[in-house]
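Visitor: sequence and computational prediction follow.
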Amino acid sequence: MTIHPTVAKVTERIISRSGDTRRAYLDLIDRARDEGVHRPAMSCGNLAHGFAASGDDKPVIKSGKAMNIGIVSAYNDMLSAHQPYGRYPEQIKIFAREMGATAQVAGGVPAMCDGVTQGQPSMELSLFSRDVIAMGTAVALSHGMFESALLLGICDKIVPGLLIGALRFGHLPTILVPAGPMPSGLANKEKIRVRQLFAEGKVGEEELLEAESASYHGAGTCTFFGTANSNQMMMEMMGLHMPGSSFVNPGNKLRQELNRAAVHQLVKNGWDGDQYRPLGHCVDEKAIVNAIVGLLATGGSTNHVIHLPAMARSAGILIDWDDMDELSSVVPLIASIYPNGSGDVNHFAAAGGMPYVIRELVGEGLAHDDIMTVYGQSLSDGARQPVMDGDRLVFADGPQSSADDSMLRPVKAPFQADGGMRLLQGNLGRATMKISAVDKSRWTIEAPALVFDDQNDVVTAFRAGALDRDVVVVVRFQGPAANGMPELHKLTSPLGVLQDKGFKVAFVTDGRMSGASGKIPSAIHVSPEAYHGGPLGKLRDGDMVRVCAEKGELTALVDPVIWDAREQAIAPPPASGTGRELFAMLRHHSDPAEKGGSAMLAEAGL
């Protein structure tokens, strides 16, 4: 299938833009393989420290004749998605021995749960935890004891952080290993109904907690299509998972056999020979475009408008929001997963899941098939369904048609003709708007602004009835430099109540909105941020603001003479407590949201 001309054009633009940085990156990883820290070059003292506690594996590691796999784990048993990883290392060691290889836990990285921290002061640590995870991954792999890596992580900032860090060791063959979603619980529609009733004061905390507990009820990722599950989708679109492995529930034989297959495949991808597949060559410009296409086609999380540029930069690839916007114009929405639809990721998987999505996108020329995957030489090899044949894992042909057209549809009959991500621009800056869950009648909102510097003040105003009107709610000083760019998901319910009352409501912020947010038209990630003199700092209560997805517009309808004469609002002082003061350095050196909102990458000159 010939690649779609727009996809081809955007890809070529990215390749051209990234020419110098990509060449420098590939040179870096080539030198790391030949001259970097690795076992044959280590002194006896270094090496002895590295295998001192390796037990029965010590003779094999000592010999230096077999692959040693470095495991980087984001395990903790507070985060439901990562709780299953607790037993993975011992299993991985067994699976490695089956191939004559060894494995060691190279290091652990933090895994923050945005579900726990939403609306709390600790959410201001969330985005920068990605940099911490990337640095932790680099520390783990820097020991030079390994010829390959397995990355155990699944949720919001964790997969981007693991990948960013591992890409600096891109000469190593690497596979990401998911743990899968929890089984479906309380229907999402019912969960949202109870949340809005609570926001209106019609039910109490006991009823709300019961609903939340019935929704988030066991081990595995949350089942809505937020950032965590969007991570898994993108890893499959980039060919970095074993085929069809993203949405298999934890704790069953299929899940275990997929883990075994990942370890066995990694050994085959080894250090020498024709099957050598280093991570830095798997993650190329075409793979990054595939990730964007997958994000658009499935209605994935807006957080990846920030994470994708950061991940790409770590591989020497430069992308921007114009690339995403142009791809969105030609990539149709073929999945309808909550919050864009009623079903969750388990229903998505049952309808055909990623094997169907890959087959459709490659078949219609919207995704690059000719990428180096961890399992083969084309993305099409990933359009397969893992199933158990007795005790044996087999990869069957993926579905040729959707098993549920309320969840999945073909490219020729999509839910929406485009990918549902819009780049908004105007005198308020550049922003992202996700429209796949927004009713088309609300794609354009023009209303007076009410301006806040703190999300809690919005909740207070809502409870006082001060927002019962047509309104554009603006929350500024929420960018990376101001306070770490927290998600403002707690505002979803009150804004939803206002919209359900019949008011015209839009939301504008230089912060983030959760990947689970849906029906409110929201211009988010506004750049430049107010803290750095961005135009949100000039807005005043009562200014008319137009938020328009149809024309890609984000404009304050203020006389230009008055606008130009206005002074910037003064940023609130930085908050302390909950560890936030420890992240001051990352705030001070962070770069704009469009580049990924990373201090680490900015200071590294990437």
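Guide: Structure's in. What do you need? Residues are numbered from 1 along each chain as shown.
Visitor: run through the strands of the stretch 151-300 of the chain in chain order.
Guide: Per DSSP state E, counting those that start in this stretch, the stretch 151-300 of the chain carries strands over the ranges 174-177.
Visitor: one more: the stretch 351-500 of the chain?
Guide: 384-389, 392-397, 421-426, 429-434, 444-452, 471-475.
Visitor: which one of these lies closest to Glu285?
Guide: Nearest to Glu285, of all the strands of the stretch 351-500 of the chain, is strand 421-426, at 19.3 Å by Cβ to Cβ. The C-beta positions use only the backbone N, C-alpha and C, and glycine is treated the same way.
Visitor: need the contact list for the nearest residue to Phe507 once chain neighbours are set aside.
Guide: Of all residues not flanking Phe507 in the chain, Ser522 sits nearest, at 4.2 Å (Cβ to Cβ, 6 or more residues apart in numbering). By Cβ atoms under 8 Å, 6 or more residues apart in numbering, the residues touching Ser522 are Met433, Lys434, Ala506, Phe507, Val508, Thr509, Met513.
Visitor: ok, how many other residues are close to the residue nearest to the third one when sequence neighbours are not counted?
Guide: Just to be clear, that refers to Ala506. Leaving aside its chain neighbours, Ala506 sits nearest to Ile445 (3.9 Å; criterion: Cβ to Cβ, 6+ apart). Neighbour count for Ile445, taken as other Cβ atoms under 10 Å: 24.
Visitor: how far does stretch 556-572 stretch from start to finish?
Guide: End-to-end distance of stretch 556-572: 22 Å, with Cα to Cα, to the nearest Å as the criterion.
Visitor: ok, residues contacting that stretch?
Guide: Stretch 556-572 is contacted by residues 426-428, 446, 449, 451, 453-454, 476-477, 482, 530-531, 533, 535, 537-540, 543-546 when judged by Cβ under 8 Å, 6+ apart.
Visitor: same deal with stretch 75-91?
Guide: For stretch 75-91, the external contacting residues (Cβ under 8 Å, 6+ apart) are 71, 73-74, 103, 105, 108, 110-113, 116, 152-155, 158, 177, 179-182, 216, 218-222, 228, 250-251, 255-256, 259-260.
Visitor: next: stretch 198-215.
Guide: Residues lying outside stretch 198-215 but in contact with it, judged by Cβ under 8 Å, 6+ apart, are 185-186, 188, 190-191, 194-195, 197, 222, 462-463, 493-494, 496-497.
Visitor: buried stuff in the helix or strand where Leu327 lies?
Guide: Leu327 is part of helix 321-328, with elements assigned from DSSP states H and E. Under the neighbour-count criterion of 16 or more other Cβ atoms under 10 Å, helix 321-328 has Trp321, Asp323, Met324, Asp325, Glu326, Leu327, Ser328 buried.
Visitor: beta partners for the residue nearest to Ala506?
Guide: With beta bridges defined as DSSP bridges, Ile445 has these partners: Val547.
Visitor: show me the contacts for it.
Guide: Residues in contact with Ile445 (Cβ under 8 Å, 6+ apart) are Val472, Lys504, Val505, Ala506, Pro521, Arg546, Val547, Cys548.
Visitor: and the helix holding Leu327, how far out from the chain's middle?
Guide: Between the centre of helix 321-328 and the centre of its chain there are 17 Å (Cα atoms, centre = their mean, to the nearest Å).
Visitor: just checking, what packs against it?
Guide: helix 5-17, helix 285-298, helix 304-314, strand 421-426 (3 or more Cβ pairs under 8 Å, 6 or more residues apart in numbering; DSSP states H and E).
Visitor: where does pLDDT dip in the stretch 401-550 of the chain?
Guide: Counting by pLDDT under 70, the stretch 401-550 of the chain has low-confidence residues at 515-517.
Visitor: can you give me the helices for it?
Guide: Here the stretch 401-550 of the chain has its helices, by DSSP state H, counting those that start in this stretch, at 455-463, 480-483, 492-500.
Visitor: deepest of the ones you listed, which one?
Guide: Of all these, helix 480-483 carries the top mean neighbour count, a mean of 26, counting by mean count of other Cβ atoms under 10 Å.
Visitor: who touches that helix?
Guide: Contacting residues not belonging to helix 480-483 are listed as 124, 127-128, 477, 510, 529-532, 571, 574-575, 580, 587-588, 590-593, 597, 599 [Cβ under 8 Å, 6+ apart].
Visitor: surely Val330 forms part of a helix?
Guide: No: checked against DSSP: H, G, I helix; E, B strand; the rest coil, Val330 lies outside a helix; its state is coil.
Visitor: now it: how far from Thr432?
Guide: 18 Å (Cβ to Cβ, to the nearest Å).
Visitor: of these two, who's got more company?
Guide: Between Val330 and Thr432, counted using other Cβ under 10 Å, the more crowded position is Thr432 (26 against 18).
Visitor: what's near enough to touch the more buried one?
Guide: With contact taken as Cβ under 8 Å, 6+ apart, Thr432 is in contact with Thr302, Val305, Trp321, Met421, Arg422, Leu423, Leu424, Ala523, Ile524, His525.
Visitor: which strand residues bridge the fourth one?
Guide: Spelled out, that is Met421. Note on Met421: beta-bridge partners by DSSP bridges are Lys434.
Visitor: do I have it right that it meets Ala431?
Guide: No: in this structure, Met421 is not within contact of Ala431 by Cβ atoms under 8 Å, at 11.1 Å.
Visitor: ok now stretch 69-88, how far from the chain's centre?
Guide: On Cα atoms, centre = their mean, the centre of stretch 69-88 falls 18 Å from the chain's centre.
Visitor: for Ser380, what are its contacts?
Guide: By Cβ under 8 Å, 6+ apart, the neighbours of Ser380 are Ile358, Arg359, Val362, Asp369.
Visitor: need the max-distance pair from those.
Guide: When Cβ to Cβ is used, the two most widely separated members of these are Arg359 and Asp369, lying 10.5 Å apart.
Visitor: just to revisit the earlier point, whichever of the contacts of Ser380 end up buried, select them in ChimeraX.
Guide: Applied in ChimeraX, the following selects the buried portion of these according to 16+ other Cβ under 10 Å:
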select :358,359,362,369
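Visitor: where exactly do the helices run in the stretch 101-250 of the chain?
Guide: 114-117, 126-141, 158-167, 188-199, 205-215, 227-237.
Visitor: still on that earlier bit, and the residue nearest to Phe507, how far is that from Asp272?
Guide: Distance check for Ser522 against Asp272: by Cβ to Cβ, it reads 50 Å.
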